[in-house]
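>>> coords please:
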Amino acid sequence: MKLKLNDKVVVISGSSKGKEGKVIKTLRDENKVIVEGVNIIKKHKKGNGQETGGILEVEAPIHASNVMIIDPKTKKGTRIGYTVDKNNKKIRISKKSNEKID
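A predicted model of the protein is given here:
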């Protein structure tokens, strides 16, 4: 998976298409990510002695193929490529603008 924590992404398919957000968790085994403010579901939680129960709204995982990272230069979705810098370190680049992605 080429996505990392805190990457700014845009959803390219599904019910949340067009929404932008930050990756808050990656699930590498399932190839899914959880994006802030995207794919909101209602979860029923039972209360216990310390916490109250109720209906919570939480972000559900979305498949990594349904999101694209936002290009730092054009502010649109782009694919991710890799290149090696002069220190022989592998870095991520934007396929559209060849800009380095942090």
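>>> what's the burial count for Ile91?
A count of neighbours around Ile91, defined by other C-beta atoms under 10 Å, yields 13. Where C-beta positions appear, they are placed from N, C-alpha and C, glycine not excepted.
>>> Now do the domain split for this protein, please.
The chain breaks down into these domains under automatic domain parsing: 1-70, 73-102.
>>> Just name the most buried of those domains.
Highest mean neighbour count among the domains of the chain (mean count of other C-beta atoms under 10 Å): domain 1-70, with a mean of 14.
>>> follow-up on the earlier one: compile the domains of the chain into CSV and extend it with columns for mean pLDDT.
What follows is the domains of the chain, written out as CSV (pLDDT from 0 to 100):
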stretch, mean pLDDT
domain 1-70, 94
domain 73-102, 92
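>>> What's opposite the residue most central in space within the chain in the beta bridge?
Taking C-alpha atoms, centre = their mean as the criterion, Val23 is the residue nearest the geometric centre of the chain, at 3.5 Å. With DSSP bridges applied, Val23 shows beta-bridge pairing to Val35.
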